[in-house]
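[1] Sharing a sequence plus its predicted fold:
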Amino acid sequence: MESHPAVDWPAAPSWSFVVGSLGRGAVFAAIVFCVLCGVLFFLSGRRPSLAGWATAAFFLGCTSFFVAIVALGTLFVNDQFQYTYVFGHSEADVPFKYKVAAIWGGQEGSFLLWGTCSALFGLLAWRSTRKFRRWFAIPYALFLGAIAGILAYESPFVIQALDGRVLVPPTGRGLAPSLLNYWVTIHPPTIFLGFGSLTVLFCFAIAALATRSYDGWIRAVRPWALTSTALIGVGLCMGGFWAYETLGWGGFWMWDPVENVSFVPWVLCVALVHGAFVQIAKGKWVYLNLLLGAGPFLAFLYGTFLTRSGFLQDTSVHSFAQMNRSALWLLVGLGTVSVLGFLTLWTTRFLKRERQIDSGVERGVNRGSFFAAAIWLLCGFAVCTAFGMSVPFLMSVAGRQPKVVEEGLYHQVLAWLFVPTMILMAVGPFIGWRRLGFKGIMARVGSMAAISLGVLGLFMIWAKSPGIGARLDASGVVSLPFGVELPGDAWNHWVFFLSWLCLFGVTASIWKLAEGFRRVLPSLGGLLAHFGLAVTMLGLIVSRGFEQKAQILVQEGRPAQGLGYVVSYKKPAEKKDFYHRDNTVEFDVVGDRDRFVARPGYYYLERPDQEPQAMVWPYIHGTPFYDVYFTLHPLVVEATDPLTFKPGESKLIDQALITYEQMNREGEPGATGTRFAARIRLKTPSGEWQADPAIVVGSQGPEFVPARLGADYFVSLNQMDAADKSVTIQLLFVDPLMPVEVFFKPLTILVWVGVGIMTTGGFLAAWYRRRTRLESSDEATEVSAEIVPENAPQSVA
Amino acid sequence: MGLNMKIRAVVALVLTLCGLAAMIGAFLTNASPYVTIAEAKSTKGDNLHLAGDLDKSTIRNVISKQEVHFLLRDEKGEVVQVVYHGPAPANLGEATKVVAVGGMKEGSFHASKLLIKCPSKYESSKGTPS
C-alpha cells in the first residue's frame, strides 16, 4: 500500500465502519443464536417451556445471516474498497449488477450466500415441520452455526488499514473479466438457493429417524424435495447457458468437478422425489427414502470439500481459492459429523426395524418395479459421477500418479445408465400397480414406440437432407471403455439411437398429456418435467453429436471459407474502442442457407506492467433449426518469429524468401540522430519487394522505425550488432490475421425450450404438492390418475 | 423373506457389485494420467496431461499450420516444446500454469487441448490494496 498515492485517497466514511461492524457482529450473532437454539431445543425434551426460546433463537440466527449479507451488499454497492474482500472482487466503474454479483464472487461471499439461502429455507420450511420441529431444528441450527463459524475465520468484513488510517482506494481489482456476464448475477444465487434447500431435506430425514416417525416426514418433505430438484436443475442449466454464451468452445456441459458437485445432489433429489411417490402411495421404501433424503446434502458437503480443499486444483478448468486451514477443518468436521451421525442413526433404526411379511413374488413388473429400477439407475448416475470426480482425490490419497476423468469417459460410462433410464422414463407413467408381463407392457406402449420410430424416420430424413439437414459427418468413431472403438458410420447411428430414446420419451409424455388433462392434473408437473428433460436431452445430443467445426483465418479484404460460409471482415464506419469491454468486431457471413453479420466480442484488458490481454466473447447466430457459433481468437500481428541474419544471408519461411542484404548508416556512431537501416528483400510467388527498417539513436534511447514491405507486411529491425553487422528482424502483418472458429450446431434451440418446460414442470409439481396434509381422497385420485391410463382395459387402482 | 425373494436379492446384489466394479475399473483404467516430461517420453498415448510453467517469451504462432508453440517447464525442472494444434487461447498470455493434453511425438509434446490456469481475481481473494 505504501507505493500507492494513498495520500489522495479519502478517509473511510464513518457509516462504513458501522456497516462492517454490523456484518461482523451478525456473523458472531449467528454462531451464538444457532448454538443456543440447538442447546435449548435439546433441553426442551425435559423442559418444554424452552422450546419457545429455542424457536426465537432459530429465527434470530437465521435473521443474522440476512443482516450479514445485506451489510456486505451495502459495502459493495457503495464501493467501500477499504474492505479487503470488496477490494478483491469489485470495481468502481462496473455496472450495478456486477457489484451485486461480486458479493458471491469469492470464497467468503459464496459461504455467506450458502448460509443465507439455508437460513431462508429454514424459515420457509419451519411451519411444515410441526411434530418434527425439535429434531429438525437441532441439526439445522448446528449446521448454520458451523457455516457462521467458517465465516468467522474467512470473514468478508476485514478492513485493510494503512499506517493506522483507513482510506478508500479509488477502485478494486474486480471480478475476473471472463466472469462479467449477466449470468454471474443470476446463476449463483439460483443454484445456491437449491443448495440451501438441501438442508431442509437432510434435517427432515434426521428428525424422522430421531422421532421414529417414518410416514409423516415424507409428505412434509416432498414439496421441498421438488423445490430443490427444480432449483438445482434450473441452476445447472443456467450454468450450462453461461458456459455456452461465454467460453467459446460451443458446448453446455463438460463434466467439470464444479458441474458434478451440483449434478450429484440434483440426481439424488430426483431419486428422492420418485421414492417419496412410492412411499406415499404404497408405504414402501421407508428406509431407502431416509437415505435419499440425506444423500443430496451430504453429497454437496463432500463436493464442497473436494473443490475447496485444493485436491482438484490442477484438474478443473475452474479456479478454486483454497480455504483458510481452520475453516477447512471446520468444514471437514461438519461433513464427518453429518455423515457419521446420520449413518449411525440410520443403521441403528434400520437394524431394529419391524420386519414386513412379504406376500411372495409375483410374475411380471408393476409401477413399483419401474420406480425401483429408476431409483437404482439415478443412484448409479450419482455414484458414477461422484466416483469420477473423486479420482484425482483418491489417487492423491493413495500416493499414486494423479489421474483425471475426462468428458468422453463420463459419456462412455454413463451411457450404460442413460439408455435404460430414458426407456423407463417413457414407459413408467403407463404402468400401473398391477403386475404386467412383457405383452401387457407392449400393449400399452407399443403404439408410442411405433410413433416415436416414425418420428425418428422423419428426423433422419431431415438430418440427411443436403440443403436443410444437420450436415452429417460419417467419419465419427464411437469410443467405448477399455479402448474399444466402433468405426465407420457408427457415430451417426449412435446419435440417431440416442435421439430415438429422447423421441420415445417426448412421444410418451405427449400421449399421456393427451389422455386427458383433468385426469393427469395431479401429475402434470411431473409429466411436464419428463417431457422437458427428454426435449433437453434431444437438444444436447443432436447439437453436440452432429456438431461441425471449422478453423479459418480472416484478414481485411481476404475472406475465408468454412462449413459452407464465406466469412469476410467488415470494416467499421467509425473507429472502434478496443479497450471498451462492449467492443465487437463485425464479419459478414454468407452461406447457402442464410447470411448474417457476426459480432463477436473483442477487447483488450489493460494490465499494469504487462502487455494488454485480449478478451473474446463468442457470437451465436440462433435459428429455429440450428445455431452458428462464431468464436474469434486473439488477433495475430506477427507474421514470423524474430529472425537473425548475417549480411547477405537468406532464409526461406514457408514460401517467402527473406534476404538481408546490407547495413546502411547515416550519422556518426553513438551520436544522437544516427540511423542504422537494414536493407531487407522479400521474394514470394506473387512478387518481390524491399524495405529499410531502422533503429535511430535517440536522446531517450533507441527508436525503432519499421518499414512497409509490400502490401501485406511491415518489417521491424529489433536488434543489430555493429561488430559483425548481423541483425534481428521480424515480419508483421499490415492487417492482422483473425483466427475464427465456426461451429454448426443443429437443433440447439431444443435445449432452451426443454429447460423451460422442465423448470415449469418442476415448480408446478412443487406447487401442487405444497400441501403437506394430503387428503386420502386426493391421494387416491393422484394414484389412479398417474398410474392407470384411461383406455387401459386391465386398469386397477 | 421367501426363497425367491432371497434369490432375487442375491442376483440384484451381484449385478450391482459387478456394475460398480466395471465402473470403477473403467474410470481407473481409462482416466487420463498427469505426467512429468520424463514420464511423457516413456508413456504412449495421446491423452496425457502435462502440467507445468509456461515460458511466455517462447509463445509463437505458426500461422501456416494453425499451431502455437511454446516451452513448458515441469515440476522437475525439465523443459519441453509444446505444439498446440489450434488457435491461441485468449488467456494464454496471462497464464501462470498450463496443462497440455496430448502426447509426445518427435521430441515435442503435441497437444490437442490446453487448460489454462490464470491468476484470476476470483481466485486471489486474499489480495490487499497494494
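    Great, that's in hand.
[2] Which pLDDT value goes with the residue nearest the centre of chain B?
    By Cα atoms, centre = their mean, chain B has its centre lying nearest to B:His49, at 3.3 Å. Among the per-residue scores, B:His49 holds a pLDDT of 89.
[3] ok, now the one 5 residues further on?
    According to the per-residue confidence, B:Leu54 scores 86 in pLDDT.
[4] pretty sure B:Asn61 contacts A:Glu638?
    Yes. Counting by Cβ atoms under 8 Å, B:Asn61 does reach A:Glu638; the two are 6.4 Å apart. The C-beta positions use only the backbone N, C-alpha and C, and glycine is treated the same way.
[5] Which of the two has more residues huddled nearby?
    Between B:Asn61 and A:Glu638, counting by other Cβ atoms under 10 Å in any protein chain shown, B:Asn61 is the more crowded of the two (22 against 17).
[6] quick one: strands adjacent to whichever strand or helix holds A:Lys745?
    Counting by DSSP states H and E, the element that carries A:Lys745 is strand A:727-746. Here strand A:727-746 is paired, per DSSP bridges, with strand A:548-554 (antiparallel), strand A:626-632 (antiparallel), strand A:636-638 (antiparallel), strand A:643-645 (antiparallel), strand A:713-720 (antiparallel).
[7] mean pLDDT lowest for which of those strands?
    Across these, strand A:636-638 gives the lowest mean pLDDT, at a mean of 86.
[8] Show me chain A divided up by domain.
    A:1-179, A:550-637+A:741-746, A:647-725 (automatic domain parsing).
[9] Is it possible to get TSV of these that adds mean neighbour count?
    Shown next, in TSV, are these (neighbours: other Cβ atoms under 10 Å in any protein chain shown):
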stretch	mean neighbour count
domain A:1-179	20
domain A:550-637+A:741-746	17
domain A:647-725	15
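[10] Ok, which of those domains comes nearest A:Leu513?
    domain A:550-637+A:741-746 (22.6 Å; Cβ to Cβ).
[11] Between its first and last residues, how far does that closest one reach?
    15 Å (Cα to Cα, to the nearest Å).
[12] Relative to the whole chain's centre, how far out is it?
    24 Å (Cα atoms, centre = their mean, to the nearest Å).
[13] Format the CA atom coordinates belonging to the longest strand along chain B as CSV.
    In chain B, assigned by DSSP state E, the strand with the most residues is strand B:48-62. Extracted in CSV, the C-alpha atoms of strand B:48-62 (Å, rounded to 0.1, in the frame of the first residue of the first chain):
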residue,chain,number,x,y,z
LEU,B,48,-1.5,-37.5,-21.3
HIS,B,49,-1.9,-34.4,-19.1
LEU,B,50,1.4,-32.5,-18.8
ALA,B,51,1.3,-29.7,-16.3
GLY,B,52,4.0,-27.0,-16.0
ASP,B,53,5.0,-23.4,-16.0
LEU,B,54,4.7,-21.6,-19.3
ASP,B,55,7.7,-19.7,-20.7
LYS,B,56,5.7,-16.7,-22.1
SER,B,57,8.7,-15.4,-24.0
THR,B,58,8.6,-18.5,-26.2
ILE,B,59,5.0,-18.4,-27.3
ARG,B,60,5.0,-18.5,-31.1
ASN,B,61,2.1,-18.6,-33.5
VAL,B,62,2.7,-20.7,-36.6
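[14] quick check: angle from it to strand A:727-746?
    Strand B:48-62 and strand A:727-746 meet at an angle of 120 degrees, taking axes from the mean of the first three to the mean of the last three Cα atoms, to 10 degrees as the criterion.
[15] Kindly calculate the angle that the helix or strand following strand B:48-62 makes with strand B:48-62.
    Going down the chain from strand B:48-62, the next helix or strand is strand B:67-73, by DSSP H and E. Calculated by the same axes, to 10 degrees, strand B:67-73 forms an angle of 130 degrees with strand B:48-62.
[16] List the buried residues of strand B:67-73.
    Within strand B:67-73, the residues that count as buried by 16 or more other Cβ atoms under 10 Å in any protein chain shown are B:Glu67, B:Val68, B:His69, B:Phe70, B:Leu71, B:Leu72.
[17] got a list of what A:Val637 touches?
    A:Val637 makes contact with A:Leu732, A:Phe733, A:Pro736, A:Leu737, according to Cβ atoms under 8 Å, 6 or more residues apart in numbering or on different chains.
[18] Show the buried residues in these.
    A:Leu732, A:Phe733, A:Pro736, A:Leu737.
[19] which of those sit farthest apart?
    So, those by Cβ to Cβ: farthest apart are A:Leu732 and A:Leu737, at 10.7 Å.
[20] Quick check: the nearest residue to A:Leu50 once chain neighbours are set aside vs A:Trp126, distance?
    Sequence neighbours aside, A:Ser44 is the residue nearest to A:Leu50 in space, at 4.2 Å (criterion: Cβ to Cβ, 6 or more residues apart in numbering or on different chains). Between A:Ser44 and A:Trp126 the distance, using Cβ to Cβ, to the nearest Å, works out to 15 Å.
[21] where are the low-confidence patches of chain B?
    B:1-3, B:90-91, B:93-96, B:117-130 (pLDDT under 70).
[22] Run through the strands of it in chain order.
    B:32-35, B:48-62, B:67-73, B:79-85, B:97-105, B:108-117.
[23] what would the ones you listed look like in JSON lines with distance to chain A?
    As requested, these are arranged in JSON lines below (distance: least, Cβ to the nearest Cβ, whole Å):
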{"stretch": "strand B:32-35", "distance to chain A": "4"}
{"stretch": "strand B:48-62", "distance to chain A": "5"}
{"stretch": "strand B:67-73", "distance to chain A": "9"}
{"stretch": "strand B:79-85", "distance to chain A": "10"}
{"stretch": "strand B:97-105", "distance to chain A": "7"}
{"stretch": "strand B:108-117", "distance to chain A": "6"}
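[24] any chance of these in JSON lines, with distance to A:Asn366 too?
    Formatted as JSON lines, the strands of chain B follow (distance: least, Cβ to Cβ, whole Å):
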{"stretch": "strand B:32-35", "distance to A:Asn366": "44"}
{"stretch": "strand B:48-62", "distance to A:Asn366": "48"}
{"stretch": "strand B:67-73", "distance to A:Asn366": "59"}
{"stretch": "strand B:79-85", "distance to A:Asn366": "55"}
{"stretch": "strand B:97-105", "distance to A:Asn366": "48"}
{"stretch": "strand B:108-117", "distance to A:Asn366": "48"}
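[25] and of the domains of chain A, who's closest to A:Leu409?
    Short answer: domain A:550-637+A:741-746, nearest of the domains of chain A by Cβ to Cβ, at 22.7 Å.
[26] Domains of chain B: list them as residue ranges, please.
    According to automatic domain parsing, the ranges for chain B are B:1-31, B:34-117.
[27] looking at these, which is buried most?
    The highest average neighbour count among the domains of chain B, using mean count of other Cβ atoms under 10 Å in any protein chain shown, belongs to domain B:34-117 at a mean of 17.
[28] ok, now which ones touch A:Ala225?
    A:Leu201, A:Cys269, A:Leu272, A:Val273, A:Ala276, A:Gly293.
[29] how about the host helix or strand of A:Ala386 against chain B, any contact?
    Here A:Ala386, judged by DSSP H and E, is contained in helix A:367-397. Yes. For helix A:367-397 and chain B, the contact criterion (Cβ under 8 Å from any Cβ of the partner chain) is met by A:Trp376, A:Gly380, A:Val383, A:Cys384, A:Phe387, A:Gly388, A:Val391.
[30] Remind me what that helix packs against, helices and strands.
    Counting contacts by 3 or more Cβ pairs under 8 Å, 6 or more residues apart in numbering or on different chains; DSSP states H and E, helix A:367-397 packs against helix A:257-282, helix A:286-308, strand A:403-404, helix A:407-427, helix B:3-30.
[31] give me phi/psi at the residue nearest to A:Leu50?
    According to degrees, to the nearest 10, the main-chain angles of A:Ser44 amount to phi -70, psi -10.
[32] From A:Val727, how far out is the closest residue to A:Thr728 other than its chain neighbours?
    Excluding the flanking residues, the one nearest A:Thr728 by Cβ to Cβ, 6+ apart is A:Gln719, at 4.0 Å. According to Cβ to Cβ, A:Gln719 and A:Val727 sit 7 Å apart.
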